[in-house]
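Student: sequence? don't have it. structure:
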């Protein structure tokens, strides 16, 4: 994710990292070359391909509408994905914070181990989510799951329900987290009141609800007919733009500039929409889910330290980072 200052500056205007300039400029140059060819053909009395601008203008209005619609939908899907991930982070943080506060007077070894297991499973639940969203490939996801600190029984459950992708792994894994919460009756000297127990379950439910919203976006990609119609009309309109301009623009320099910047603007927005289509990829503008999830893990470890000491924090972090893909984050 690119972080930048919104103040107008030359540095921001010409920043290449995260920009689509490098992708759109070749198309602009290609359209300019096409325009120069048609210009030379007409002004050298070889062939005149020009036509009236009225029909081309009408198509341009349609292209503008489709392009804005496409970009708007892509932007809202991107922000919805970011919002859903923030809800997942919030649910994980709140679950551990409430766990610590509601059991702060339980200091037995059994209570400490119970809290550790819930913290570990909360971390694993979030890592399963992040790893699937980052890979989406079934085989690669299975290899990454092996790097997550889950028990053999938990891994076996995931294997049985995995199906053709890892999309269901976090949902299946929440069962283990709910079971661990229910074990408070066996591990705490004073079991949690029902309303406290339901409160902890509620945060797991919030996580599942947020993840279902993410699944909704993953299962239902951008409508293909809109993309197809928008891109087809956009390409036809842009690369025939030079023909009606032959009759309206007398200066060659102005003719070239109009073609270049029209291509830059229209095709640039389409490329930006393509960048936003996959918020969980590895592009510069995609969501920094690995970095953000590592911050959540550190917050969970600090909360564990506040009740069970530095040993609990170090044990949890050691478990998280063992053979972890997050060590480099």
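Tutor: Thanks, I have the structure now. Predicted, not measured: the structure shown is a model, and the values here were computed from it.

Student: for the chain, what's the longest helix?
Tutor: Criterion DSSP state H: the longest helix present in the chain is helix 53-102.

Student: Show me what the helix or strand harbouring residue 132 is packed up against.
Tutor: Taking DSSP states H and E as the definition, residue 132 sits inside helix 109-135. Applying 3 or more C-beta pairs under 8 Å, 6 or more residues apart in numbering; DSSP states H and E, we find helix 109-135 packed against helix 53-102, helix 138-145, helix 152-161, helix 169-182, helix 184-187, helix 194-219, helix 289-308, helix 310-321. Backbone N, C-alpha and C define where each C-beta goes, glycine included.

Student: Show me which residues of the shortest one are buried.
Tutor: Translated: helix 184-187. 184, 187 (16 or more other C-beta atoms under 10 Å).

Student: Other residues contacting that helix?
Tutor: Residues outside helix 184-187 that contact it (C-beta atoms under 8 Å, 6 or more residues apart in numbering): 103, 108, 110, 111, 113, 114, 191, 192, 197.

Student: Would you map out the domains in this structure?
Tutor: Using automatic domain parsing, the domain parsing of the chain gives 25-41+49-103+224-287, 104-191+289-329.

Student: Looking at these, spot the one closest to residue 16.
Tutor: Comparing those by their distance to residue 16 (C-beta to C-beta), the top pick is domain 25-41+49-103+224-287, with 9.8 Å.

Student: Between the two ends of the closest one, how far is it?
Tutor: With C-alpha to C-alpha, to the nearest Å as the measure, domain 25-41+49-103+224-287 spans 25 Å from end to end.

Student: ok, residue 127 to residue 53 distance?
Tutor: 57 Å (C-beta to C-beta, to the nearest Å).

Student: element containing the residue nearest the centre of the chain, please.
Tutor: In the chain, the residue lying closest to the centroid (C-alpha atoms, centre = their mean) is residue 279, at 2.5 Å. If you go by DSSP H and E, residue 279 is not part of any helix or strand.

Student: Just checking, which helix or strand of the chain averages the lowest pLDDT?
Tutor: Of all helical and strand segments in the chain, the minimum by mean pLDDT, DSSP states H and E falls on helix 138-145, at a mean of 62.

Student: quick one: the residue of the chain most remote from its centre and residue 76, what's the gap?
Tutor: Here the chain reaches farthest from its C-alpha mean at residue 45, the gap being 53.6 Å by C-alpha atoms, centre = their mean. Separation of residue 45 from residue 76 (C-beta to C-beta) stands at 52 Å.

Student: likewise residue 54?
Tutor: For residue 54 relative to residue 76 (C-beta to C-beta), the value is 34 Å.

Student: If you count surrounding residues, which of those two has more?
Tutor: residue 76 (11 against 8; other C-beta atoms under 10 Å).

Student: ok, now which ones touch the more buried one?
Tutor: Neighbours of residue 76 in contact, by C-beta under 8 Å, 6+ apart: none.

Student: Can you check the pLDDT for it?
Tutor: On pLDDT, residue 76 comes in at 94.

Student: and what of the one 3 residues further on?
Tutor: As predicted, residue 79 sits at a pLDDT of 95.

Student: Any idea how many residues pack against it?
Tutor: Neighbours of residue 79 using other C-beta under 10 Å come to 12.

Student: So it versus residue 87, what's the distance?
Tutor: Counting by C-beta to C-beta, the gap from residue 79 to residue 87 is 13 Å.

Student: Give me the below-cutoff pLDDT ranges for the stretch 151-300 of the chain.
Tutor: 160-166 (pLDDT under 70).
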